[in-house]
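A.B. asks: this is the structure alone, sequence omitted:
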DNA sequence: TTTGTTTGTCAACACTTGTTCACTGAAACT
DNA sequence: AGTTTCAGTGAACAAGTGTTGACAAACAAA
């Protein structure tokens, strides 16, 4: 299942642009514009449960009835968004693995990389962070399992990289990663609705999160199992 | 501004129950049923931005036009809810101050007390936690400042109680309390949509959050200023 | 080429939405 | 007492909602 990322758009009902012809591809394409339309509307300060079917199809440049060719109802579209978001989360870990840990000042470097990634995928992060606690039950649950998977993968990575010196029980590692993840999702939320072009405020936020992470890892190195 | 808590309700258009007569009181009362109606609808898995004016007045047992006697629009009602929620947050601190820290096993005791409080005020916490990151901009901002105030008060309390042994700079204290608060709001969200009557799952969650807090405070005792 | 499949369109439906205006009746004031 | 104020009502509006069914055109398979 390819992802064909980088700004799906265009009004779906447009002429043959380039060399796309097959029926399945066209279907995936407008399905994508529907998903993007939903994300865009949410990025303008709306919650998922407040989106209307017609509103989305309008934004996507498609007639309302077309919606049903791709999703049974809004919930199904929401779950598709969760899946996309989960994919974006996993890609973050994959890229981090490939790039390795920053040479020095590991924590500050990681926070910067992370926040750049959040900005690059602000639509997905805005959706995940925004719908993680409020809104529709099924979607909230789906997001929770995605985040849990992410946390577990992160725990595995940290263990294999021996990033904390001595080994820790997997339960402890998961506890620590849970803390890190919730802190960083919090950070994503803060960064994303920072007024744009305010390097001062941004730097303060970043410094705050760096210190929080330092504190967490300081606690982790001192942690005593079985107490 | 009294609070007249404990389940405002009843259909507003009812007879004189007991000894309420004055016009202002009646007004505050139906205003309260409107607020409660909004909270109730949200507790059924809806986000604030998805609520309709008519829907709220219907739930409150009042005709739609009555809404305008109390709020200019939905945003104003939302901000009123934020204020109520902020009040509930502050009351938590006030009660904690009065009761003093638990005798032994401080952290676990505090977590239990906190979660009981969250359950007791699940409507307010559900609203705050749910709308803190998703949804309408103005409301999100209002919640953020409430939470910041809460964090600052908490930092003051911890300083005065000398809960961390040696003194820490106020910036550090705020950083730590920020971490604690975001962790506990996270906990509130998790607890609130736990399927009911599952003491097993609940105990696991509680244990997880106890360990996270322990780790944070362990890091805090080891924290070195200026590094 | 002919046949079947399927994405997207169009028109129409029964409802719900936010907001307006003129009104009623009782509490509040003089 | 008479008068004013105002929370709550009822009817009406233009506009928007989700969903339906029948239809067009282009791709896929024969």
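C.D. replies: Happy to help now that I have it. Note that the coordinates shown come from a computational prediction; the quantities given were computed from them, not determined experimentally.
A.B. asks: how about the residues of chain A by DNA strand C?
C.D. replies: Proximity of chain A to DNA strand C, by C-beta under 7 Å from any atom of the strand, involves residues A:12-13, A:23, A:26-27, A:29-30, A:62-66, A:69-70. Backbone N, C-alpha and C define where each C-beta goes, glycine included.
A.B. asks: again, only using 6 Å
C.D. replies: Proximity of chain A to DNA strand C, by C-beta under 6 Å from any atom of the strand, involves residues A:12, A:13, A:23, A:26, A:27, A:30, A:62, A:63, A:65, A:66, A:69.
A.B. asks: give me the pLDDT value at the fifth one.
C.D. replies: Think residue A:27. Turning to residue A:27, the model gives it a pLDDT of 93.
A.B. asks: so how far is residue A:70 from it?
C.D. replies: 7 Å (C-beta to C-beta, to the nearest Å).
A.B. asks: give me the low-pLDDT residue ranges for chain A?
C.D. replies: Of all residues in chain A, those with pLDDT under 70 make up the ranges A:1-20, A:227.
A.B. asks: show me the helices in it, by range?
C.D. replies: Using DSSP state H, the helices assigned to chain A run over residues A:23-43, A:53-60, A:74-99, A:106-120, A:122-131, A:137-161, A:170-192, A:199-222.
A.B. asks: is the fourth one anywhere near chain B?
C.D. replies: No - contact check for helix A:106-120 against chain B, using C-beta under 8 Å from any C-beta of the partner chain: none in range, with a minimum separation of 12.0 Å.
A.B. asks: can I get the residues of chain A next to DNA strand C in JSON lines with distance to chain B and neighbour count?
C.D. replies: Below are these laid out as JSON lines (distance: C-beta to the nearest C-beta, whole Å; neighbours: other C-beta atoms under 10 Å in any protein chain shown):
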{"residue": "A:12", "distance to chain B": "26", "neighbour count": "19"}
{"residue": "A:13", "distance to chain B": "29", "neighbour count": "11"}
{"residue": "A:23", "distance to chain B": "35", "neighbour count": "7"}
{"residue": "A:26", "distance to chain B": "32", "neighbour count": "13"}
{"residue": "A:27", "distance to chain B": "29", "neighbour count": "12"}
{"residue": "A:30", "distance to chain B": "25", "neighbour count": "22"}
{"residue": "A:62", "distance to chain B": "23", "neighbour count": "20"}
{"residue": "A:63", "distance to chain B": "24", "neighbour count": "12"}
{"residue": "A:65", "distance to chain B": "23", "neighbour count": "9"}
{"residue": "A:66", "distance to chain B": "23", "neighbour count": "16"}
{"residue": "A:69", "distance to chain B": "25", "neighbour count": "11"}
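A.B. asks: which single one of the residues you listed is nearest to residue B:84?
C.D. replies: Nearest to residue B:84 out of those is residue A:62 (C-beta to C-beta; 41.5 Å).
A.B. asks: from residue A:85, how far off is the residue nearest the centre of chain A?
C.D. replies: What sits nearest the mean C-alpha location of chain A, by C-alpha atoms, centre = their mean, is residue A:125, with 3.7 Å. Going from residue A:125 to residue A:85 by C-beta to C-beta gives 8 Å.
A.B. asks: kindly report the same for residue A:126.
C.D. replies: Counting by C-beta to C-beta - residue A:126 and residue A:85 are separated by 10 Å.
A.B. asks: those two - which one has more neighbours?
C.D. replies: Taking other C-beta atoms under 10 Å in any protein chain shown, residue A:126 and residue A:85 do not tie; residue A:85 has more neighbours (25 against 22).
A.B. asks: out of the residues of chain A next to DNA strand C, which is nearest to residue B:150?
C.D. replies: For these, the nearest to residue B:150 is residue A:62 (45.0 Å; C-beta to C-beta).
A.B. asks: is stretch A:123-140 anywhere near DNA strand D?
C.D. replies: No - applying C-beta under 6 Å from any atom of the strand, one finds stretch A:123-140 separated from DNA strand D by no less than 13.5 Å.
A.B. asks: and that stretch, how far out from the chain middle?
C.D. replies: 10 Å (C-alpha atoms, centre = their mean, to the nearest Å).
A.B. asks: now that stretch: buried residues?
C.D. replies: If you call a residue buried by 16 or more other C-beta atoms under 10 Å in any protein chain shown, then stretch A:123-140 has these buried ones: A:123-136, A:139-140.
A.B. asks: please apply the same query to stretch A:104-113.
C.D. replies: Buried positions in stretch A:104-113, judged by neighbour count with 16+ other C-beta under 10 Å: A:107, A:108, A:110, A:111, A:113.
A.B. asks: how far away from the center of its chain is it?
C.D. replies: The answer for stretch A:104-113 is 19 Å, by C-alpha atoms, centre = their mean.
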